[in-house]
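Peer 1: model the following, please.
(2 chains)
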Amino acid sequence: MNTVPLVLYAVALVAYLWHFARRQPTVGRTATTLLVAAVLGHTFVVGMQTMEAGHVPVTDASSAISTFVWLLALSYLYIEMTTDERAMGAFILPLLVLLQLIPALDPGVEDRAEVLQGPLFGLHVSSLLFAYASFALACVIGITYVLLFKEIKAKHLGFFYARLPSLQVLDTMNQRAIVFGWIFLTVGMVVGTIWASQARAYAAADPRVQAMSLQDPKIFVAIVCWAVYSFEAFAARRLGWGGRRAAYLSALGFAIVLLNFVPISYFLTTSHDF
Amino acid sequence: MHLLLVGISHRTAPVDVRERLDFQARGVEGALRALAVRPSVHEAVVLSTCNRAEVYAACQTPDVARQDIVSFMSEFHGLDRTEVLPHVFESTDLDAARHLFRVASGLDSLVVGEPQILGQVKEAHAAGNAAQTVGPVLNRLFHLSFGAGKRVRTETALGSGAVSVSFAAVALAKKIFGDLKGRTVLVVGAGEMGKLTAQHMRSQGAHRVTIVSRTLARAARIAEAIGGASAAPWEALDASLSASDIVITATGASAPILTKARIERTMRSRLNRPLFIIDIAMPRDVEAAAGDIEQVFLYNIDDLRATVAENLARRASEISRAESIVAEEVDKFGGWLRSRGVIPTVVALRQRFESIRRSELQRLDFKMAALPPEARSRVDEITRLLVEKLLLTPTEQLKALADAESAGQYTEAVTRLFNLQPGSAAAQLDDEAPAAAAAQAGGAEPLSSGNVEAFAPKARGSR
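Peer 2: Down below sits the predicted model:
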């Protein structure tokens, strides 16, 4: 079912790239329309899965990725519509298409064990997905910042100079996305800790609950992530680490997030093995 | 009806002549009214900017109108004809249309692609509307020129990129800081270039401008000239540096004033917030190595000139695309103009058919006298529809004729075949006031020029 949004995202990607290269207003409007169609289609898919499972589909890695892609597309559309700035789409859409490939190729099995019920678990997963979507945006904004920065620094005012918003705007957007993501990351991790300690009481036999410790790669990497983003959100600019360094940090942070989200979820973790 | 353009521009006349022929100063609408009294000119628009003074006119005989417009231009400005004549250029019909479309797209501007001209063309048309000197021909022409200008702007990069050094500096500052509002500009040195660039930044919304010079009095004088700027003593240079976002250096010093070490120091105190340094001094005021510092963007005058040259080259590379857009729009206008050219013949043809119908009805009047009134009006209706349907296809075919030559042959043929006199109809058509046309055609004539356009669709509807 996840192939329909995948195809729509891919078509929208082509339109965004075309618009980025040629800057024709009609192509830009078409690109946005296609993305809206993709998001609507995806909303339908996520909605169907929710109806089917009785909860938001986040309990296995594939459907969590699908939900994440959906949230990211929504957040991007929000940014595009509030800033009227389509240049970022050419960078976000490839990410959407790549990630959506995973649920499209491997639908995954909904695991709704007893232990995974309750409002705390839902809050835990959805906060973290929100956080990841924000970090993804921050990363893409950071990449575009570096591209533009290099052009201005090298005194070669070319492709990106003509297409991207100013460094200041990119920096502010990046900072906002980081702070926003950090809040959700913190909430998600705190809620997760509370949920795990409660789960020990009523589901002590579950091997996953037993594995909830700092030694588990998923939890460990999440804490590294939190440290990186805390530094970026609150300390970096006070130490003169604004601009390009902050942009590199957001790319690094998101690389860790992706690492945690895809390979570790699939292969390494024992505590979050759904 | 012909389109005629008579005027001067930066290509044909030096600035002192252009100044003396400036319509803007003396009121374009007054000029239009003065021009409208000349009978050879049916419609007129005056386009007057600092680079051109052009009269666009619709006329019957371009040779007469041309003389009239030249004498109008010289008389209106109180000049002798011989002073104006050597600088005047002219063109007719599609060449005149092409010229206007090129002007509106910025192709004919001194700086190719400059954006103001389209607005000025719109103002010229609006002034013509206000003075009621715009008729169907110029209306169509100018609306197409707006379309051409807009298409060139959106579909090509003809107007992209700054093409002067101070604009390039402002454009760069905006690309770094977004908005210049709330930004502080520091000018080091009290030269003219520094002052100009600072003024430009200020007009673009820069929040505060500080001038630092070796002599405080000179700095104060420049600050006053810029307006809203403040002066600071030479000793305060470091402090001003760490408080500024944009620095313009333009001193006459022989050795660099801002060394890499000095800028590194200030960058620490300003927490590495971005610093944009524009070094327009010769020899340079800023050590070139300072550009390597993270978050310092250093541009000297040559860098800015290079970006200007790049932008100009990019604009030049777009010219052929812009020209082909202009050519397409000229074709549209040409098609419209030609379809208008056959209208006198169409009108004459319709009048001929209508008069035959009427005379036949009159001849049969006594035979129909016995019929009830409804039946008589039905007969009238049927004959009218018959004529309309017979004429529908020839009308459409004539209007669709693509090139001027075949249009001429066909109108000639139709005129001969039906023994028409389209001359009088043409006079009606080209008159701007339909009321006058109707009066000339006679109130009894239902097929005057006023409703010829409406005729075909109505007939189509009744089919």
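Peer 1: distance from stretch B:207-224 to the middle of the chain?
Peer 2: 41 Å (CA atoms, centre = their mean, to the nearest Å).
Peer 1: buried sites along it?
Peer 2: B:208-214, B:216, B:219-220, B:222-223 (16 or more other CB atoms under 10 Å in any protein chain shown). No exception for glycine: its C-beta is placed from N, CA and C like everyone else's.
Peer 1: stretch B:410-419: which residues count as buried?
Peer 2: B:410-411, B:414-415.
Peer 1: and the nearest residue to B:Val64 once chain neighbours are set aside, what pLDDT?
Peer 2: Of all residues not flanking B:Val64 in the chain, B:Ser40 sits nearest, at 4.4 Å (CB to CB, 6 or more residues apart in numbering or on different chains). Looking at B:Ser40, its pLDDT is 88.
Peer 1: A:Pro165 - that's part of a helix, no?
Peer 2: No: residue state for A:Pro165 (DSSP: H, G, I helix; E, B strand; the rest coil) corresponds to coil; a helix is not indicated.
Peer 1: that one reaches A:Glu85, doesn't it?
Peer 2: Yes: using CB atoms under 8 Å, A:Pro165 is in contact with A:Glu85, at 5.6 Å.
Peer 1: those two: who's more crowded?
Peer 2: A:Pro165 (19 against 16; other CB atoms under 10 Å in any protein chain shown).
Peer 1: and the more buried one, what is it in contact with?
Peer 2: A:83, A:85, A:87, B:178 (CB atoms under 8 Å, 6 or more residues apart in numbering or on different chains).
Peer 1: look at B:Ile8 and tell me its secondary structure.
Peer 2: Quick answer, by three-state DSSP: B:Ile8 is strand.
Peer 1: what sits against the residue lying closest to it once chain neighbours are set aside?
Peer 2: Once flanking residues are discounted, B:Ile8 sits nearest to B:His87: 4.8 Å by CB to CB, 6+ apart. Residues in contact with B:His87 (CB under 8 Å, 6+ apart) are B:8, B:12-13, B:17.
Peer 1: pick out the most distant pair among those residues.
Peer 2: For the contacts of B:His87, with distances taken as CB to CB, the pair at the greatest spread is B:Thr12 and B:Val17 (8.8 Å).
Peer 1: send me the one helix or strand A:Leu93 maps to as CSV with only the CA atoms.
Peer 2: Assigned by DSSP states H and E, A:Leu93 falls within helix A:89-105. Output of helix A:89-105 as CSV, limited to C-alpha atoms (Å, rounded to 0.1, in the frame of the first residue of the first chain):
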residue,chain,number,x,y,z
GLY,A,89,11.9,20.9,-1.8
ALA,A,90,14.6,19.7,-4.2
PHE,A,91,16.5,18.6,-1.1
ILE,A,92,13.7,17.2,1.0
LEU,A,93,12.0,15.2,-1.6
PRO,A,94,14.9,12.9,-2.3
LEU,A,95,15.0,12.0,1.4
LEU,A,96,11.2,11.3,1.3
VAL,A,97,11.5,9.1,-1.7
LEU,A,98,14.5,7.2,-0.3
LEU,A,99,12.9,6.6,3.1
GLN,A,100,9.5,5.7,1.6
LEU,A,101,11.3,3.0,-0.4
ILE,A,102,11.7,1.0,2.8
PRO,A,103,8.0,0.6,3.8
ALA,A,104,7.1,0.2,0.1
LEU,A,105,9.5,-2.7,-0.3
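Peer 1: need the contact partners of it.
Peer 2: With CB under 8 Å, 6+ apart as the criterion, helix A:89-105 contacts A:2-3, A:5-6, A:9-10, A:12-13, A:16-17, A:19-20, A:31-32, A:35, A:61-63, A:65-66, A:68-69, A:72-73, A:76, A:80, A:136-137, A:140, A:143-144, A:262.
Peer 1: the same query, at a cut-off of 7 Å, please.
Peer 2: Here helix A:89-105 makes contact (CB atoms under 7 Å, 6 or more residues apart in numbering or on different chains) with A:2-3, A:5-6, A:9-10, A:12-13, A:16-17, A:20, A:31, A:62-63, A:65-66, A:68-69, A:72-73, A:76, A:80, A:136, A:140, A:143-144.
Peer 1: that older thread, what about the contacts of B:His87, which are in helices?
Peer 2: Using DSSP state H, the members of those that fall in helices are B:Val17.
Peer 1: including pLDDT, could the contacts of B:His87 go into a markdown table?
Peer 2: Below are those laid out as a markdown table (pLDDT from 0 to 100):
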| residue | pLDDT |
| --- | --- |
| B:Ile8 | 90 |
| B:Thr12 | 89 |
| B:Ala13 | 86 |
| B:Val17 | 84 |
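Peer 1: specify which member of the contacts of B:His87 is nearest to chain A.
Peer 2: Chain A lies nearest to B:Thr12 out of these, by CB to the nearest CB, at 34.9 Å.
Peer 1: quick one, what contacts that closest one?
Peer 2: Per CB under 7 Å, 6+ apart, neighbours of B:Thr12: B:87, B:89.
Peer 1: near A:Val97, how many other residues are there?
Peer 2: Neighbours of A:Val97 (other CB under 10 Å): 22.
Peer 1: where does pLDDT dip in the chain?
Peer 2: Since you didn't name a chain, this refers to chain A. A:54-59, A:107-118, A:202-215, A:263-274 (pLDDT under 70).
Peer 1: you answered for a different chain; I wanted chain B.
Peer 2: Ranges of chain B meeting pLDDT under 70: B:402-404, B:422-463.
Peer 1: how's it carved up into domains?
Peer 2: B:2-155, B:165-307, B:342-462 (automatic domain parsing).
Peer 1: show me the one of these that comes nearest A:Leu185.
Peer 2: So among the domains of chain B, domain B:165-307 is nearest, using CB to CB, at 25.5 Å.
Peer 1: is any part of that closest one close to chain A?
Peer 2: Yes: counting by CB under 7 Å from any CB of the partner chain, chain A has neighbours in domain B:165-307: B:174-178, B:271-274, B:294-295, B:297, B:299, B:303, B:307.
Peer 1: now, which of these sits nearest A:Gln49?
Peer 2: Nearest to A:Gln49 among those, with distances taken as CB to CB, is B:Gly178, at 41.3 Å.
Peer 1: residues near that closest one, how many?
Peer 2: Neighbours around B:Gly178, by other CB under 10 Å: 18.
Peer 1: that one reaches A:Asp171, doesn't it?
Peer 2: No: the criterion here is CB atoms under 7 Å, and B:Gly178 misses it with A:Asp171 at 9.0 Å.
Peer 1: and the residue lying closest to A:Leu17 once chain neighbours are set aside, how far from chain B?
Peer 2: By the measure of CB to CB, 6+ apart, the closest residue to A:Leu17 outside its immediate chain neighbours is A:Ala90, 5.3 Å from it. According to CB to the nearest CB, to the nearest Å, A:Ala90 and chain B sit 18 Å apart.
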